[in-house]
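Undergrad: Sequence first, then the predicted structure:
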Amino acid sequence: MTIAVLGATGGQGGAVTAALLRTGHQVRAMVRDPGSVRAQVLAGAGVSLVEGDLTDVEALTTLFRSTRAAFAVTTPFQDGLEAEKEQGAAVVRAAERAGLPHLVLSSVAGADQHTGVPHFETKAHTERLLAVADVPSTVVAPTYFYENALGPGGGVAAGSVALPLGPETRLQQVARHDLGHVVAAIVAAPDAWAGERIELAGDDPTGPQMAAAIGAATGRELEFRSTSLEAVREADPDMGAMWGFLAEHGYDVDIPALHARFPGVPWTTYADWAAAQHWPEER
């Protein structure tokens with residue numbers, strides 16, 4: 001089948017694209033700039049590129065009419081929260097216009113809980129639009145990504161794992177490539193998954209367990225530092241609201257039940273994921 005992937009040059013879309021290619025599908029990716037390095041890497045892997053923007057209903061409709069299914073992920077982190085709502089509305093409207101046989105929408109775990117976290121609420125807005133649209137669909141809702149630890153603010157190069165959580169708080173997380181495997185499984189059996197909302201988590205380590213796993217992978221002794229939630233709230237209200245939710249409530253995925261439903265997914269543990277990464281050298 002030919003599957004459309006939106007956001008293929010990003011982390012989630014890239015993982016989904018890789019999983020679809022591994023399972024023998026053709027992928028048609030909508031990208032803003034076909035000449036970018038990431039887009040050209042996709043083209044080199046056999047992905048067909050279509051230039052367009054996630055708010056362009058006409059371009060999305062044309063893309064969806066040429067595919068059997070689509071994976072869509074929206075983001076507020078480039079153009080803002082209202083832009084993410086606009087992206088979601090355009091995707092749903094185009095899927096309905098095109099008569100798309102199956103849309104897999106990426107949201108976020110907890111978005112259906114009225115958390116008040118701004119970027120959870122924008123995704124919940126798209127979920128509500130999709131629920132009343134005439135589009136066969138499945139919502140996948142990942143928890144926190146393991147890959148966030150690779151960002152510059154994690155403190156690993158300085159010898160620590162720093163999060164605004166207590167040392168005993170568990171944080172449900174998932175590897176991006178496991179998200180890709182789940183989407184590939186859903187696309188392969190759309191009737192079995194249509195109408196479902198599936199929250200995704202692979203493991204639930206505490207901060208000290210994360211530090212120990214990365215330490216074992218790097219051969220260094222890392223400490224866990226519990227940083228100030230108030231400082232995060234002052235610096236970035238959206239992220240502050242998210243970390244407040246994670247500290248006070250947290251995600252609520254039934255991990256054993258989820259893994260039993262998708263036995264073909266590798267469901268990488270945090271320690272195994274950490275062992276496979278290239279970590280920065282100690283400063």
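TA: Right, received. Where do you want to start?

Undergrad: Now do the strands in this structure.
TA: According to DSSP state E, the chain carries its strands in the segments 2-6, 26-31, 48-51, 69-73, 103-106, 137-142, 144-145, 160-163, 173-174, 197-200, 223-226.

Undergrad: Show me what counts as buried in the second one.
TA: Read that as strand 26-31. 27-31 (16 or more other Cβ atoms under 10 Å). Where C-beta positions appear, they are placed from N, C-alpha and C, glycine not excepted.

Undergrad: of those residues, closest to Lys123?
TA: When these are ranked by distance to Lys123 (Cβ to Cβ), Met30 comes first, at 19.1 Å.

Undergrad: Could you measure from the closest one over to Ile3?
TA: Separation of Met30 from Ile3 (Cβ to Cβ, to the nearest Å): 12 Å.

Undergrad: likewise Val41?
TA: Val41 is 18 Å from Ile3, by Cβ to Cβ.

Undergrad: Give the residue from these two that has the larger number of neighbours.
TA: Of the pair Val41 and Ile3, Ile3 is the one with more neighbours under other Cβ atoms under 10 Å, namely 24 against 12.

Undergrad: quick one, what contacts the more buried one?
TA: Neighbour list for Ile3: 20, 25-28, 67-71, 187 [criterion: Cβ atoms under 8 Å, 6 or more residues apart in numbering].

Undergrad: Could you rank these by neighbour count and give me the top one?
TA: Busiest of the contacts of Ile3 [other Cβ under 10 Å] is Phe71, holding 31 neighbours.

Undergrad: which residues does it contact?
TA: 3-6, 13, 16, 104, 106, 183, 187.

Undergrad: Could you give the bridge partners of it?
TA: Val5, Val104 (DSSP bridges).

Undergrad: Now Ala59. Nearest residue, chain neighbours left out?
TA: Gly52 (3.7 Å; Cβ to Cβ, 6 or more residues apart in numbering).

Undergrad: Touching, the one you found and Phe64? I think so.
TA: No. With contacts counted by Cβ atoms under 8 Å, Gly52 stays clear of Phe64, the gap being 11.3 Å.

Undergrad: shared neighbours of the two, which are they?
TA: Joint contacts of Gly52 and Phe64 (Cβ under 8 Å, 6+ apart) do not exist.

Undergrad: Have a look at the two and say which one is more surrounded.
TA: Phe64 (27 against 18).

Undergrad: Hmm, Ala98 and the more buried one touching each other?
TA: Yes. Assessed by Cβ under 8 Å, Phe64 is found in contact with Ala98 at 3.6 Å.

Undergrad: Read off the pLDDT value for the residue nearest to Leu6 when sequence neighbours are not counted.
TA: Residue nearest to Leu6 in three dimensions, not counting chain neighbours: Ala72, with 4.5 Å by Cβ to Cβ, 6+ apart. You'll see Ala72 listed with a pLDDT of 98.

Undergrad: Okay, Ala72 and Ala29: tell me how far apart.
TA: Using Cβ to Cβ, Ala72 is found at 12 Å from Ala29.

Undergrad: Same check on Thr55?
TA: 17 Å.

Undergrad: now do Ser36
TA: Ser36 is 12 Å from Ala29, by Cβ to Cβ.

Undergrad: Name the residues contacting each of those two.
TA: Residues touching both Ser36 and Ala29 (Cβ under 8 Å, 6+ apart) are Thr9.

Undergrad: Below-threshold pLDDT in the protein: ranges please.
TA: 153-154, 282-283 (pLDDT under 70).

Undergrad: what's the longest helix anywhere in it packed up against?
TA: Assignment by DSSP state H gives helix 81-98 as the longest helix of the chain. Packed against helix 81-98 by the contact rule (3 or more Cβ pairs under 8 Å, 6 or more residues apart in numbering; DSSP states H and E) you find helix 57-65, strand 103-106, helix 118-131.

Undergrad: Tell me the gap between the second one and the middle of its chain.
TA: Remark: strand 103-106 is offset 11 Å from the chain centroid, using Cα atoms, centre = their mean, to the nearest Å.

Undergrad: how about the CA coordinates for that strand, as CSV?
TA: Taking Å, rounded to 0.1, in the frame of the first residue of the first chain, the C-alpha atoms of strand 103-106 are listed here in CSV:
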residue,chain,number,x,y,z
LEU,A,103,-6.2,8.1,9.3
VAL,A,104,-3.8,7.4,12.2
LEU,A,105,-3.5,10.6,14.2
SER,A,106,-0.8,11.1,16.8
